[in-house]
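> Let me see the structure of the following:
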Amino acid sequence: MSHQHEHEEISIETLSTPPIRIYPAPLTRRIAAGAIDSFVVFLIWLTFIGGWNKFLSSWTTAGVGSVPPTTLASLVGTTFVYYFVLEWIFASTIGKWLLRLRVVGKDGDPCSLGASLKRNLFRFLDWLPLFYIVAALCILASHDRQRLGDRVASTMVTKVPEKDINPPSAPFLFH
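So this is what the prediction gives:
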């Protein structure tokens with residue numbers, strides 16, 4: 001896989017500040033963040049909704065292929081709420097936060113309520129049928145590294161910028 005797009009920046013022109021520079025997140029970091037988030041969602045589900053005994057009994061007695069619909073529905077609901085709420089309120093999930101990624105709109109602003117809802121409703125299309133293979137292909141085909149949900153919501157996952165130790169002066173504040 002070529003890394004030629006890994007360090008491309010996107011500049012967003014604004015009226016009152018220098019252009020905002022955002023860097024689309026590399027696919028490898030998004031995959032790692034997704035793995036962390038999947039583990040966190042599973043732990044939340046087991047602890048608060050599914051319960052360890054319920055989980056173990058449903059998988060050992062019914063088998064992997066016949067998970068009860070209520071068990072599957074609670075896991076899907078937990079997944080949706082986790083991503084939707086965290087990306088809306090913090091523009092990041094736990095996995096994204098640990099890997100210094102965030103979800104922003106195309107204008108550079110943090111992910112809004114509506115954008116989080118749209119991108120997470122489409123998460124299930126990105127996930128099916130082969131565990132995020134559709135999302136990975138969409139990300140690789142997109143200049144801004146957007147999965148289907150990002151395209152619909154006009155969002156993108158970016159690297160959190162490093163703090164500028166020498167920010168530009170603001171002469172209008174001192175005149």
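> When you work out contacts or count neighbours from here on, use the C-alpha atoms and nothing else.
Will do.
> for the longest helix seen in the chain, packing partners?
Ranked by residue count and defined by DSSP state H, the top helix of the chain is helix 69-90. The elements that helix 69-90 packs onto, with contact taken as 3 or more CA pairs under 8 Å, 6 or more residues apart in numbering; DSSP states H and E, are helix 27-44, helix 113-121.
> Just put those helices in CSV and tack on mean pLDDT, mean neighbour count and distance to W97.
As requested, the helices and strands packed on helix 69-90 are exported to CSV (pLDDT from 0 to 100; neighbours: other CA atoms under 10 Å; distance: least, CA to CA, whole Å):
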stretch, mean pLDDT, mean neighbour count, distance to W97
helix 27-44, 92, 16, 8
helix 113-121, 94, 20, 16
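> could you redo these as JSON lines and give each row distance to M156?
Compiled in JSON lines, these are given as follows (distance: least, CA to CA, whole Å):
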{"stretch": "helix 27-44", "distance to M156": "11"}
{"stretch": "helix 113-121", "distance to M156": "10"}
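> between the ones you listed, which gets nearest to V160?
Each of these has some distance to V160 by CA to CA; the shortest is helix 27-44, at 12.0 Å.
> Surely V157 and R100 touch.
No: with the criterion set as CA atoms under 8 Å, V157 and R100 do not qualify as a contacting pair; they are 10.3 Å apart.
> Just want to know which of the two has more residues nearby.
Neighbour count, other CA atoms under 10 Å: between V157 and R100, V157 has more, with 26 against 17.
> For the more buried one, give me phi and psi.
Note on V157: backbone dihedrals following degrees, to the nearest 10 are phi -100, psi 130.
> ok so, going back, so which bits of the longest helix of the chain are buried?
By neighbour count, with 16 or more other CA atoms under 10 Å as the criterion, the buried positions of helix 69-90 are T71, L75, T78, T79, F80, Y82, Y83, F84, V85, E87, W88.
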